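Student: When you get a sec, could you give me coordinates for this:
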Amino acid sequence: MIAHLIRWSLANRFLVLLATLLVSAWGVWSVSRTPLDALPDLSDVQVIVRTPYPGQAPQIVENQVTYPLTTTMLSVPGAKTVRGYSLFGDSFVYVLFEGRYGPLLGALACPRISQPGSKPAATRSAALARPDATGVGWIYEYALVDRTGRLDISELRALQDWFLKYELKSVPNVAEVATLGGAVRQYQVVLDPNRLRAYGITHREVVDAIRGANSEAGGSVLELARSGIRGASDGGICATSTISARSRCVRVRAACRCDWPTSLTCKWVRNCVGASPSSTARRSHCGIIVMRSGKNALETIAAVKRKIEALKSGLPAGVEIVETYDRSSLIERSVRNLAGKLIEEFIVVALVCLAFLFHLRSALVAVVSLPIGVLMAFIVMRYQGVNANIMSLGGIAIAIGAMVDAAIVMIENAHKHLEHWRADHPDREPTRAEHWALIAEASVQVGPALFFSLLIITLSFIPIFTLQAQEGRLFAPLAFTKTYAMAAAAGLAVTLVPVLMGYFIRGKIRPEDRNPLNRMLVRAYRPMLDRVLRHPRWTIGIAVLLLAVTVIPILRLGGEFMPALDEGDILHMPSALPGLSTAKASQLLQQMDRLLMTVPEVKRVFGKMGRAETATDPAPIEMTETTVQFKPRDQWRAGMTPEKLLEELDERLKLPGIANVWIHRFATASICSQPASRHRSGSKSPGAILRSSTRWRRQSSSL
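Tutor: Purely as a prediction, here's the structure:
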C-alpha cells in the first residue's frame, strides 16, 4: 500500500505540491491562532465555591457552612473529590471533576449550592468561581496609586469597583477582575446610650427603623389629569429615618450620631491588603486580571494593556495605574528562546545533510520537509486546544532529529541509484522519464520500511499518555506534539519527499567514497565493527556490565517534578504565625517592601497579604505574597548572579517570626494550582484549620 502511495504521489506531482502549499498556509494560520503561554495549566478540572460568613470563627464556618456544602456537593455528577476548607469568615469548597465534565461544571454545581439547608441564612450568597478559569489565569496585576496624596484608600477602592473593574471585564477572554485591598466606605451609626434612655428607645428599635427606612418598594399607577403616574418608595439615609417610640416619632440623628467616615475610620476589607509598589506610593489598591482557561495569554494581556491605556484619561489627576505583574514578558522570552533553538536545529540539520551528502539541493529536500511537518503539527494543536508553551514546543524540538531520518535515507538511496545508472551509462545523462523512474524505484525500495519505522518511533510515546493528574497534564502536550510531528514526517516521507527528490536531485552528484568526511568515518568505525562481530560474546558481556554499572548513578540521582523556571520575577512568600492582626500585617508588609527596595537590582515590589475578592484565592492574612521585579541583567552590579541576589535578599529580610520562602511565581502557581487532598467532609478544630491552611499556602502560590 505504501509503495502504491509513493507511485501515485510521483504520478500526481502537481496535486501533491498544491496540497502541500494549502496545508502550509493552513499551518501558518494555525500558528498565528494557537494560544501562547509559558507552561501548561496543571490545575484540576474543578469548581470552587466561596461562601463568606463575616465575623465567624473557623469552627462555626466549618459546622454551619463548609460541612453542609461539602456533603451536598458529593452528589454532583462526575465529582471525583470534594474538599472543604474553613477560614475565619470564609468557607471554600473545591469540587474536582473528571475531565469530560469540564464544560458542564457550572450547570452541575449551581443547583446543589441553592439547595435548602446547605448554608445558614446569615451567610452571604455563595460565590461560584467561573468553571472556565483557574488561579493559573492570574496573568496581569496592577495597582492604583495616588501620587498627589489627595485621595484616600476608600476613594481608590471606589475607582476600582465602579470604574476599572467593569471596563476591564469587557476585554475578550477576561473571566474575572478580582479586587484586592482598599477600604469600603459605609455609614456608621454611633448610639448614644444617654439619649436612647431619655427617649425610651431600645437598640433593636434603632436597627429596625434604619432597616425599614432604607428599604425600597414599587407602587402601582395613579391616573391623574389624563396621565399615569407610577409610584415608588425610595430608601432614605439614616439621618432622615424615624423611630416610633411611645406614640411619637424621633429622628435617628436626634438619638444617634450618623457619619460618613473618612479613610481613617473606614471599614477595611476582610483580610486587608496593604502594599506599596514604590517608596513614594504609601497607599494603593490592586486589581487582578484572571484569564479564561485555554485562551491566548499573550493576546489577552495585550488587550488588557490597550484597555488600561484608554481608561487612564478617565482617572482623576495624579492617579496612576502601576503594573505590578505581567506574564507576557515570561511568555515572550520562553517562546522566543525555544523558537531560536528550533531555527538552530534546522540550520544544524541542513549543515549535516550538506556535509554528508555533499549536494546542496539534496540537503534542501530534508530541510524543506521539516517546517512543513511542524506546521502540520500546529494544525492539530490548534483544533485540539493544545497551547504553544515550552512543553509542547519542546516535543517538536525532540521530534526534529527523527523527522529528518527518513528523508536522509531516501535521498542517499536515490544517490546510489543515480550512481549505479551513471556507472552503467557513462556516456549520457538520464532522460526525464528515466530520472523519475529511478526516483520512484529508490523511494519504493526504502519508503515502506522508513514509514513504519517512523510510526514505531511515534508509538513509543504511548506510555506518556497513561500518566494521570499533574504529571499527565505536564507531559501530555509534549507527547501530543511529538506524535503529531512524527506522524506528519511519516506522511511526508512517502508523499512529498519523493516528489522533491525528483525535482532537486539533479546535476553532478559526487559518490559517497569521494566525500572526505565519509571516508574518514568509515576508516574509524569499520575496524571496530569487524572486531565486535568477531567476538560477539565479549560484546554482549561488556554491554550487560555497562548496563549494570548504570544502576549506581541512577540510585544516587536526585529527582524533581520539574526544573526551576527562571521567570525573571521572584515571589517572596514568608509565613507568619496564625492570629496576626491586620494592622501588624500591613506594618510588616510595608517594612518588607522597603527592605526589598534597598537592593539596587530590584526595580519594583508589590506585596499582598490576605485574600483577594475571588474564589481562586484562599490565602489567609498570615500569608504574604510579594512580587519582586528585577531590573534588566545589564543594569546589575558586576559579578551579581541570580543565586547571589537571592542570598542577599534573604539576608536583608530576616525578621523575627517570619520564615522566608523564595520561589518563581508562575512555575509554582502552575504546579500548586489546587490544594492538597485533605478531607471530604472537613470537620476540624479551629486551630487545625488555621494551621493546615497556613501550611498549604506556604507550599503553594496563589491559585
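Student: from here on, contacts and neighbour counts on C-alpha atoms
Tutor: Will do.
Student: What's the separation between residue 148 and residue 48?
Tutor: In this structure, residue 148 and residue 48 are 40 Å apart, going by CA to CA, to the nearest Å.
Student: Check residue 27 too.
Tutor: Relative to residue 48, residue 27 is positioned 37 Å away (criterion: CA to CA).
Student: Please, where are all the helices along the stretch 451-600 of the chain?
Tutor: Taking DSSP state H, counting those that start in this stretch to define them, one finds helices in the stretch 451-600 of the chain at 469-493, 496-504, 516-534, 536-549, 551-556, 582-596.
Student: swap in the stretch 301-450 of the chain?
Tutor: Ranges of helices within the stretch 301-450 of the chain are 328-357, 360-384, 390-424, 432-459, based on DSSP H, counting those that start in this stretch.
Student: Helix 469-493 and the second one, what's the angle between them?
Tutor: This means helix 360-384. Calculated by axes from the mean of the first three to the mean of the last three CA atoms, to 10 degrees, helix 360-384 forms an angle of 140 degrees with helix 469-493.
Student: Now stretch 528-536: average pLDDT?
Tutor: Computed over stretch 528-536, the mean pLDDT rounds to 88.
Student: Centroid-wise, who is the farthest residue in this structure?
Tutor: Relative to the average C-alpha location in the chain, and by CA atoms, centre = their mean, no residue lies farther out than residue 427, which sits at 66.0 Å.
Student: For that residue, give its distance to residue 502.
Tutor: Using CA to CA, one gets 21 Å for the distance from residue 427 to residue 502.
Student: cool, and residue 23?
Tutor: Relative to residue 502, and taking CA to CA, residue 23 is found at 21 Å.
Student: Give the residue from the two that has the larger number of neighbours.
Tutor: Regarding residue 23 and residue 502, a neighbour count based on other CA atoms under 10 Å identifies residue 502 as having more, with 21 against 17.
Student: Okay, strands next: where are they in the stretch 151-300 of the chain?
Tutor: Secondary structure of the stretch 151-300 of the chain (DSSP state E, counting those that start in this stretch): strands located at 174-180, 183-184, 188-191, 217-224, 227-233, 242-245, 248-251, 256-259, 267-268, 284-292.
Student: Mind telling me which of those strands the model trusts least?
Tutor: Among the strands of the stretch 151-300 of the chain, strand 267-268 carries the lowest mean pLDDT, a mean of 32.
Student: Centre-most residue in this protein?
Tutor: Compute the mean C-alpha point of the chain, and by CA atoms, centre = their mean the closest residue is residue 136, 4.2 Å away.
Student: quick one, phi/psi of that residue?
Tutor: Reported as degrees, to the nearest 10, the phi and psi values for residue 136 are phi -70, psi -10.
Student: what bits of the chain have low per-residue confidence?
Tutor: 99-132, 186-187, 216, 219, 231-284, 559-566, 664-703 (pLDDT under 70).
Student: okay but residue 10 is in contact with residue 499, surely?
Tutor: Yes - with contact defined as CA atoms under 8 Å, residue 10 counts as touching residue 499 (5.8 Å).
Student: give me every residue that touches residue 367.
Tutor: Shown in contact with residue 367 (CA atoms under 8 Å, 6 or more residues apart in numbering): 346, 349, 350, 404.
Student: export those to CSV and tack on distance to residue 5?
Tutor: Conversion of the contacts of residue 367 to CSV gives the following (distance: CA to CA, whole Å):
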residue, distance to residue 5
346, 28
349, 27
350, 27
404, 20
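Student: Of those, keep whichever come out buried.
Tutor: Buried residues within these, defined by neighbour count using 16 or more other CA atoms under 10 Å: 346, 349, 350, 404.
Student: now the first one, nearest residue through space, not along the chain?
Tutor: Closest residue to residue 346 in three dimensions, ignoring its sequence neighbours and counting by CA to CA, 6 or more residues apart in numbering: residue 367, at 6.7 Å.
Student: if I look at that neighbour, how far off is residue 352?
Tutor: 11 Å.
Student: ok, now residue 93?
Tutor: Between residue 93 and residue 352 the computed distance is 57 Å (CA to CA).
Student: Compare these two and say which one has the larger neighbour count.
Tutor: Residue environment comparison for residue 93 versus residue 352 gives the larger neighbour count to residue 93, 26 against 12, counting by other CA under 10 Å.
Student: The more buried one reaches residue 50, doesn't it?
Tutor: Yes - Residue 93 is in contact with residue 50 according to CA under 8 Å; the separation is 6.6 Å.
Student: so residue 327 sits right up against residue 136, yeah?
Tutor: No - taking contact to mean CA under 8 Å, the distance of 10.8 Å between residue 327 and residue 136 leaves them out of contact.
Student: What lies in contact with stretch 297-304?
Tutor: 35-37, 139-140, 168, 171-174, 291, 326-328, 331.
Student: With stretch 330-337 instead?
Tutor: Contacts made with stretch 330-337 from outside it, assessed by CA under 8 Å, 6+ apart, are listed as 36, 37, 38, 298, 389, 390, 567, 568.
Student: Could you give me the buried positions within that stretch?
Tutor: Along stretch 330-337, these residues count as buried under the neighbour rule (16+ other CA under 10 Å): 330, 331, 334, 335.
Student: Neighbour-wise, which one of the contacts of stretch 297-304 leads?
Tutor: Top of these by neighbour number is residue 291, holding 27 neighbours under the definition other CA under 10 Å.
Student: in the sheet, who's paired with that residue?
Tutor: According to DSSP bridges, the residues that bridge with residue 291 are residue 174.
Student: Let me know the distance separating it from residue 473.
Tutor: Shown here: residue 291 relative to residue 473, a distance of 19 Å by CA to CA.
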